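Asks: Next one to model:
(2 chains)
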Protein chains: 2
Amino acid sequence: MVDIKTYLKQQSDFINKVLQSYIPKGIPKELFDAMEYSLTAGGKRLRPILVLESAKAVDENINVEDFLDVALSVEFIHTYSLIHDDLPAMDDDDLRRGKPTCHKVFGEAIAILAGDGLLTYAFEMISNNKKINPDILLRVINVLSHNVGVYGMVAGQAADILESFKDIEFIHTNKTAKFISGCCQIGGLLASASEEEVKNLKNYGLYIGLAFQIWDDILDEMGDEEKVGKKLHKDKEKNKVTYPSVYGLEKSVEIAKSYVEKAKEEIKNLKNPDILLFLADYIVSREL
Amino acid sequence: MVDIKTYLKQQSDFINKVLQSYIPKGIPKELFDAMEYSLTAGGKRLRPILVLESAKAVDENINVEDFLDVALSVEFIHTYSLIHDDLPAMDDDDLRRGKPTCHKVFGEAIAILAGDGLLTYAFEMISNNKKINPDILLRVINVLSHNVGVYGMVAGQAADILESFKDIEFIHTNKTAKFISGCCQIGGLLASASEEEVKNLKNYGLYIGLAFQIWDDILDEMGDEEKVGKKLHKDKEKNKVTYPSVYGLEKSVEIAKSYVEKAKEEIKNLKNPDILLFLADYIVSREL
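Replies: The predicted structure is shown next:
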């Protein structure tokens, strides 16, 4: 029996250890400093872990060294999205994980450019990989750009900030779940999964992505700041629409748990699904 | 004998005609409107034209219909860069080509997201192409992301806005010339050019890119606003470092013309170089 919390900590420590060497060198100093500051500011590293674990779920003997760059590229994209989301014109956040946000330290202009640079460099990293078949890498880029762009994360963020458009399902699906789903699909593609397996991973990712975001909404409303380890009740302050605000707390917990069950159902027939199964359960066991 | 000005007008009309149908549909309305507004605001369409003409220079019988999406993707990236450059935190421009800038019309948040969306969708468009070999498309993505990212345009823009870093060669090479060079390389790759031909196109693009930017600096300082058709003397107002401010006008004209000669030398042995040769000359013949 795996202790999933310990396992995830080991995996995020591993990501943190290798990440530094993938930050591009020989670029203007302020740009490098801003990218490095935000990339190394901590976090669960959930997205690269999902790439690696989805690949292992399909093929337990796979050599993840062959595509560490691809796995890390999704953390570059996640970091870009946090930098741009925190900007004064967007969510206007001064702190992220207890540290001043990128624009607070480096100014808005460099923060915008650091985000642009991280996003663009993610595609450069993937296209630089020499171990994986070009057909697969091209499809990885297609899945990734689709799920983090105007049909995914960018659309979700736009809907979230537009007063006129407050469809909570649309926002959570696009802003959070599609990127997570994309990471799971990418892992499958890298492991030469069948179309059926890729579809299973896609759906698994959508469901755990939704559960993850709903649980975050619940934590924000109900959690103990000390246990959760971050500032809470931000959604209410910002008048954000959340699952608890639409469905109430009890029903939101129920919905999150039902998504976890659906997620597990999707991938139970993969060759090596254990970690992904534990991970799904873990999402709705995080302390309130 | 081709009249290059007429030819370029025909080509940009063609780009304008097909562009509309490539704008992604079914996305949040404000996001679509902002992307469409900036994509269709005019411009020379130099970058997609360079992709198409570089391909034809290598193979005059090539069917450009097979990669119109790839050619247009560079205009998406160019448009993203203009939207982000115009933001208050960056160059803070209210007008672009005589029209209010994206953030003036749609607000800063949507302008940032429209830029992010255009950049990301460029890679989705390229990776969606089903006519070109995946090996080639992956290399196209690699060349493009390299030249518009932290080793190209993003680095140039960072250097341009940082008071402490005013190396005019670095700024012009990175902010302008590398992207133009990337477009020429991409055209070559799409036409299955030899490594030697790709290198020729790369250098051609760097040289015309530098000549183009120096000539823009000269126009900004010396030009007649009515003939040039845009607001001038902006560099001086913003205290930007320019070729005329570093080398004087006469020497700047000389340097631009010498880059054009170097550019022509690079590609004179391609199978079908005429348009690229005319285009190089045209850059330093634009009216002062």
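
Asks: Provide a list of residues in contact with A:His78.
Replies: A:43, A:47, A:179 (Cβ atoms under 8 Å, 6 or more residues apart in numbering or on different chains). Every residue, glycine included, has its C-beta placed from N, CA and C.

Asks: From chain B, how far out is A:Leu8?
Replies: As judged by Cβ to the nearest Cβ, to the nearest Å, A:Leu8 and chain B stand 28 Å apart.

Asks: can you check A:Glu237 too?
Replies: Distance from A:Glu237 to chain B, by Cβ to the nearest Cβ: 18 Å.

Asks: Please tell me how far A:Val51 sits from A:Ile62.
Replies: 11 Å (Cβ to Cβ, to the nearest Å).

Asks: ah, wrong one, I meant A:Asp3
Replies: For A:Asp3, the distance to A:Ile62 - Cβ to Cβ - is 23 Å.

Asks: quick one: which of those two has more around it?
Replies: A:Ile62 (18 against 10; other Cβ atoms under 10 Å in any protein chain shown).

Asks: Pull the distance from the one helix or strand A:Leu82 maps to to the chain's centre.
Replies: For A:Leu82, the element it lies in under DSSP states H and E is helix A:68-86. Offset of helix A:68-86 from its chain centre (Cα atoms, centre = their mean, to the nearest Å): 8 Å.

Asks: send the alpha carbons of that helix over as PDB?
Replies: Coordinates of the C-alpha atoms in helix A:68-86 are reproduced here as PDB (Å, rounded to 0.1, in the frame of the first residue of the first chain):
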ATOM      1  CA  LEU A  68      11.400  14.900 -18.500                       C
ATOM      2  CA  ASP A  69      11.600  18.000 -20.700                       C
ATOM      3  CA  VAL A  70       8.000  17.400 -21.900                       C
ATOM      4  CA  ALA A  71       6.800  16.800 -18.300                       C
ATOM      5  CA  LEU A  72       8.500  20.000 -17.100                       C
ATOM      6  CA  SER A  73       7.100  22.100 -20.000                       C
ATOM      7  CA  VAL A  74       3.700  21.800 -18.500                       C
ATOM      8  CA  GLU A  75       5.000  23.400 -15.200                       C
ATOM      9  CA  PHE A  76       6.400  26.200 -17.300                       C
ATOM     10  CA  ILE A  77       2.900  26.800 -18.800                       C
ATOM     11  CA  HIS A  78       1.300  26.500 -15.300                       C
ATOM     12  CA  THR A  79       3.800  29.100 -14.000                       C
ATOM     13  CA  TYR A  80       3.100  31.500 -16.900                       C
ATOM     14  CA  SER A  81      -0.600  31.200 -16.200                       C
ATOM     15  CA  LEU A  82      -0.100  32.100 -12.500                       C
ATOM     16  CA  ILE A  83       2.100  35.100 -13.400                       C
ATOM     17  CA  HIS A  84      -0.500  36.500 -15.800                       C
ATOM     18  CA  ASP A  85      -3.500  35.700 -13.600                       C
ATOM     19  CA  ASP A  86      -1.800  37.600 -10.700                       C
END
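
Asks: Low-confidence stretches in the stretch 151-288 of chain A?
Replies: Scanning the stretch 151-288 of chain A for pLDDT under 70 picks out the ranges A:163-165, A:224-231, A:287-288.

Asks: Okay, helices next: where are they in the stretch 51-200 of chain A?
Replies: In the stretch 51-200 of chain A, the helices defined using DSSP state H, counting those that start in this stretch lie at A:68-86, A:102-106, A:108-128, A:134-148, A:153-161, A:168-172, A:178-190, A:195-222.
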